[in-house]
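Asker: With the input below, show me the fold.
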Amino acid sequence: MSSTHTTAMLSITDGVDTKTYTLANLQALEQRSVEDKVEAYVGVSLSVLLRKAGFNTEAVTEVQGVASDGFSANYAPDLITQPDIIVAYARSDALLTADELPFCMVAPGLGGKLKPRMVVDPRVTLL
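Answerer: Here you go, the predicted model:
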């Protein structure tokens, strides 16, 4: 495992409150495996991650997954609660690829626009 990946941080914020997770913190949460096309990923369901960070998923109106290169994807309330929308920290058989690290969002069957790689900052919008 690369040192960059093991020291990576994921911050979830609503602009007021911020919860930061290390790779080890994420791995300690309930794991979810999903397949997207031919790749299988392991991570944490977005809804579980939001609840663990202290956010009421029923009050969330949008989550924006922001990558280190500035790319972002917006997830509407109906997607936020789907268990197969995950923040992935590994592939089922290997580490994430260099262009996916440190984390990537995976939304099986919903296309590449909802799969930002190099995610560092999911932003939460509340009612």
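Asker: so Leu26 sits in a strand?
Answerer: No - Leu26 is assigned helix when assessed by DSSP: H, G, I helix; E, B strand; the rest coil, not a strand.
Asker: Offset the numbering so it begins at 58, please.
Answerer: Taking 58 as the first residue, the last one we looked at is Leu83.
Asker: Which residues are in contact with it?
Answerer: Leu67, Gly100, Val101, Leu106, Val144, Tyr146, Phe160 (CB atoms under 8 Å, 6 or more residues apart in numbering). Yep, even glycine has a C-beta here, placed from its N, CA and C like the rest.
Asker: Same question for Leu107.
Answerer: Leu107 touches Ile69, Thr114, Val117, Val120, Ile137, Val181, counting by CB under 8 Å, 6+ apart.
Asker: Tell me the spacing between the nearest residue to Thr70 once chain neighbours are set aside and Asp74.
Answerer: The shortest distance from Thr70 to any non-neighbouring residue, by CB to CB, 6 or more residues apart in numbering, is to Arg180 (5.8 Å). Here the criterion is CB to CB, to the nearest Å. By it, Arg180 lies 12 Å from Asp74.
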